[in-house]
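coordinates only, sequence not included:
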């Protein structure tokens, strides 16, 4: 107890330097924990962008390309697949449900997706989270459209607004617009923190209806334009789609069904397991994680250097203190233990404050981070790896404290008493 009081009083005498040292270590620890938490959240958010979907099927290309344009709205399909093939597999005895996807058009930089009501019923992300609407209803009419949360927020849309889809996915307003066939917003989705927020959903028939008077990819002349009121949903024939999602009746059937689809002779197809492809894609980006981790440890090292400088520079001021302690009977081992104990106290205080800053900041910013960046900040705040980092930081602080402690140990009693004031 006397030893603790002596260390605390010694730190109080150098309050400013002690506070700055604790702040430095706290910020370093907070950054280290936050980077690890965000990294884990980013990985979970990335790999859980789509869940409970056993297969994604598209025209034969590459697994990464297929996952990018179907799940993340990035890139385009090289080919489509026939709707006849989709309907054939939809009736497969091993398949429980399917979600067709038709891509290719855009609205002011946002992807337009043609699908069915199966999307709202079966699509899952982050475990068992399903697509929900914040207001409005799902697709019913031919010219109905449901928009993602980011689309509504960034373009300031509300229910009942008309939107015009452009031919091709563009970043701006688009070059060739389907302005003769506008859609009406009937629903706005709740934020998900995924690419769903940045998508515009219409029916498969709506995609076909937009292009009903287009020939060879070219816009119709004014005399050949078909007015939207003259197009009936039951008269629309869907010829092609881009891809479809599959949920199997049994996970055991997934690999067998995947091989069957990949070996389909009537049309070149590719079936991928989204969870496997997402994990491979994430590990391919692991260098970013390593860079962030190196930066974090460098910041921790800077914090330790600040503590070392503070303790070392204060030795000249404490030479008389050390001499008095030795004159009162304290051995050199007690001097060494005192300084190491002081550095341990500073390190523990920095770790506690850093942990509090990281956890508190995460709890405070979690809703915003999930919506804006898709960081899925769920689960325990501190995992096994974080505790290992804290333990390593504590050991590092103790070892840093040994440097000035050994130096103080070597100070002679005579040297301490002869300091000139």
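Thanks, I have the structure now. The model shown is predicted, which means the values in this text are computed figures rather than measured ones.

could you pull out the strands in the stretch 1-150 of the chain for me?
Secondary structure of the stretch 1-150 of the chain by DSSP state E, counting those that start in this stretch: the strands cover 55-59, 81-82, 95-101, 106-107, 110-115, 124-125, 129-130, 133-136, 144-147.

dump those to a markdown table, plus mean neighbour count and distance to residue 254.
Heads up, the C-betas are built off the backbone N, CA and C, glycines and all. As requested, these are exported to a markdown table (neighbours: other Cβ atoms under 10 Å; distance: least, Cβ to Cβ, whole Å):
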| stretch | mean neighbour count | distance to residue 254 |
| --- | --- | --- |
| strand 55-59 | 24 | 6 |
| strand 81-82 | 20 | 19 |
| strand 95-101 | 19 | 10 |
| strand 106-107 | 23 | 32 |
| strand 110-115 | 24 | 22 |
| strand 124-125 | 20 | 16 |
| strand 129-130 | 15 | 21 |
| strand 133-136 | 14 | 30 |
| strand 144-147 | 25 | 29 |
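
can I get those in TSV with distance to residue 356?
Formatted as TSV, the strands of the stretch 1-150 of the chain follow (distance: least, Cβ to Cβ, whole Å):
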stretch	distance to residue 356
strand 55-59	43
strand 81-82	54
strand 95-101	44
strand 106-107	45
strand 110-115	40
strand 124-125	32
strand 129-130	30
strand 133-136	34
strand 144-147	40
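
mind checking pLDDT for residue 283?
Model confidence at residue 283, given as pLDDT, is 77.

wait, I meant residue 44
What the model reports as pLDDT for residue 44 is 74.

out of the strands of the stretch 1-150 of the chain, which comes closest to residue 211?
strand 110-115 (10.6 Å; Cβ to Cβ).

list of residues touching that closest one?
Strand 110-115 has contacts (Cβ atoms under 8 Å, 6 or more residues apart in numbering) with 73, 99-106, 119, 148, 150-151, 165, 169, 195, 198-204, 206-208, 241.

okay, the angle between it and strand 95-101?
Going by axes from the mean of the first three to the mean of the last three Cα atoms, to 10 degrees, strand 110-115 is angled at 140 degrees with respect to strand 95-101.

any idea of the mean pLDDT for strand 110-115?
On average, strand 110-115 scores 93.

ok, now stretch 163-172?
On average, the pLDDT along stretch 163-172 is 73.

please tell me how far residue 34 sits from residue 355.
Here the distance between residue 34 and residue 355 works out to 10 Å (Cβ to Cβ, to the nearest Å).

ditto for residue 22
Using Cβ to Cβ, one gets 13 Å for the distance from residue 22 to residue 355.

any idea where the helices of the stretch 51-200 of the chain begin and end?
Secondary structure of the stretch 51-200 of the chain (DSSP state H, counting those that start in this stretch): helices at 63-71, 83-90, 118-122, 149-155.

nearest residue to residue 117 other than its sequence neighbours?
With Cβ to Cβ, 6 or more residues apart in numbering as the measure, residue 138 is the residue that lies nearest to residue 117, at 6.1 Å, once sequence neighbours are left out.

looking at it, the one you found is touching residue 132, isn't it?
No: contact between residue 138 and residue 132 fails when scored by Cβ atoms under 8 Å: they sit 10.2 Å apart.

more neighbours, those two?
Counting neighbours by other Cβ atoms under 10 Å for residue 138 and for residue 132 shows that residue 138 has the greater number, 17 against 10.

which residues touch the more buried one?
117, 120, 146, 186, 187.

weed out the non-buried ones from those residues.
120, 146, 186, 187 (16 or more other Cβ atoms under 10 Å).

going by distance to residue 397, which of these wins?
residue 120 (53.6 Å).

my guess is that closest one meets residue 131, correct?
Yes: if you go by Cβ under 8 Å, residue 120 and residue 131 touch, sitting 5.2 Å apart.

hey, what's the nearest residue to residue 243 once chain neighbours are set aside bridged with?
The spatially closest residue to residue 243, leaving aside those adjacent along the chain, is residue 58, at 3.7 Å (Cβ to Cβ, 6+ apart). Legend: beta-bridge partners of residue 58 under DSSP bridges are residue 243, residue 270.

residue contacts, residue 58?
Residues 66, 70, 77, 81, 242, 243, 244, 269, 270 are the ones in contact with residue 58 under the rule Cβ under 8 Å, 6+ apart.

now the closest residue to the fifth one other than its chain neighbours: phi and psi?
Read it as residue 242. Sequence neighbours aside, residue 103 is the residue nearest to residue 242 in space, at 4.4 Å (criterion: Cβ to Cβ, 6+ apart). Listed backbone geometry of residue 103 is phi -120, psi 170, with angles given as degrees, to the nearest 10.

mind listing the strands for the stretch 201-350 of the chain?
If DSSP E, counting those that start in this stretch is used as the criterion, the strands of the stretch 201-350 of the chain fall at 240-241, 243-248, 269-272.

counting by contacts, list what the last one packs against.
Spelled out, it's strand 269-272. Packing partners of strand 269-272 (3 or more Cβ pairs under 8 Å, 6 or more residues apart in numbering; DSSP states H and E): strand 55-59, helix 63-71, helix 252-262.

now stretch 152-164: buried residues?
152, 157, 163, 164.

residue ranges with poor pLDDT in this structure?
1-13, 168-175, 213-225, 286, 311, 313-336, 369-380, 405, 408-421 (pLDDT under 70).

looking at this protein, which helix is longest?
Among the elements of type helix in the chain, defined by DSSP state H, the one spanning the most residues is helix 332-373.

and stretch 63-76, how far from the chain's centre?
Its chain's average C-alpha position is 17 Å from that of stretch 63-76, according to Cα atoms, centre = their mean, to the nearest Å.
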